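> Sequence and computational prediction follow.
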Amino acid sequence: MTRVKSLISGVLLSLAMCSVQAVELAISAEEAYAKTQQTAQPLLLVDVRDPVEIMFVGFTDAVDINIPFMTADRTQWNAERNIFPMQRNPEFVAQVKAELAKRGWDDNTEVITMCRSGSERGEPSAVVLREAGLANARFIVHGFQGDALSEGPQTGMRLQNGWQNSGLPWSRSLNGDKIYRLDR
C-alpha cells in the first residue's frame, strides 16, 4: 500500500509541476501590454500570424515584429476543408533569434508570442522557442482576437477577451517596418 501511495504522490507532483509550467507559459494580453510599456527588462513581442491574416484582422504597433509561425500555402487548396493548408515556417526560431541578436539581447530575454486565438500558434510557438533554448518564451492566452461567442446573435464572432477585446491599442493599419515581408 505504501508503494501505491508513493506512486500516486509522484504522479500528483508531476501533474502539479505541469500545471505550474503551463501557467508560466501563458500571459494575458493586458499583462503583455503592460510589459511592453516598461523599459526595465528587455522584451520581444512577436506576432506569429500570417501577414495576410493580419491585413484583414488588424495589428498592434505594440508588437516588435511579425514572424509567422505558420503560413498559408497558397499553392495548395484543401477542397474538403475549404482552406489553404498551413505550413510551419522552418526559419521561425532562427528569425526570432536574429531579432534578439539585432537588438543586442540574448536567449534569456523574455519573448512573448501572439496569434489569433492563443492556442493554435501562440502556445505551440512559445513551446518551440523554449525547446530551442529560449527559456523565457511565453504566449498571449486568447491571442489577438480572443474567443468566439458560443451563444446569442453574434455566435461564432471573436468578441471576448484577447488583445482586440481588452481595450488595448490596435488598428487595421499595418506597420511596414514590422510586418513580415518577402521583399527584404
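Yep, that arrived.
> any weak-confidence spans in the chain?
Within the chain, the segments meeting pLDDT under 70 span 1-23, 148-149, 156-157, 159.
> hey, where'd the strands end up in it?
Under the criterion DSSP state E, the chain contains strands at 26-27, 43-47, 65-66, 70-72, 86-88, 110-114, 137-140, 147-148, 158-160.
> so can I have JSON lines of those showing distance to Glu99?
Every residue, glycine included, has its C-beta placed from N, CA and C. Formatted as JSON lines, those follow (distance: least, C-beta to C-beta, whole Å):
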{"stretch": "strand 26-27", "distance to Glu99": "19"}
{"stretch": "strand 43-47", "distance to Glu99": "6"}
{"stretch": "strand 65-66", "distance to Glu99": "5"}
{"stretch": "strand 70-72", "distance to Glu99": "17"}
{"stretch": "strand 86-88", "distance to Glu99": "18"}
{"stretch": "strand 110-114", "distance to Glu99": "9"}
{"stretch": "strand 137-140", "distance to Glu99": "13"}
{"stretch": "strand 147-148", "distance to Glu99": "29"}
{"stretch": "strand 158-160", "distance to Glu99": "27"}
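> Out of those strands, the one nearest Arg103 is which?
Arg103 lies closest, by C-beta to C-beta, to one member of the strands of the chain: strand 43-47, at 7.3 Å.
> Give me the distance between the closest residue in space to Trp77 that isn't next to it in sequence and Asp50.
In this structure, Trp77 finds its nearest non-sequential neighbour in Phe84, 6.4 Å apart by C-beta to C-beta, 6 or more residues apart in numbering. Look at Phe84 and Asp50: by C-beta to C-beta, to the nearest Å, they are 9 Å apart.
> who's more crowded, these two?
A direct count of neighbours by other C-beta atoms under 10 Å for Phe84 and Asp50 places Asp50 higher, at 22 against 16.
> Assess the claim that the more buried one and Arg74 are in contact.
No: contact criterion C-beta atoms under 8 Å: Asp50 and Arg74 do not qualify, at 9.9 Å.
> Is it correct that the residue nearest to Trp77 is in contact with Gln76?
Yes: counting by C-beta under 8 Å, Phe84 does reach Gln76; the two are 6.4 Å apart.
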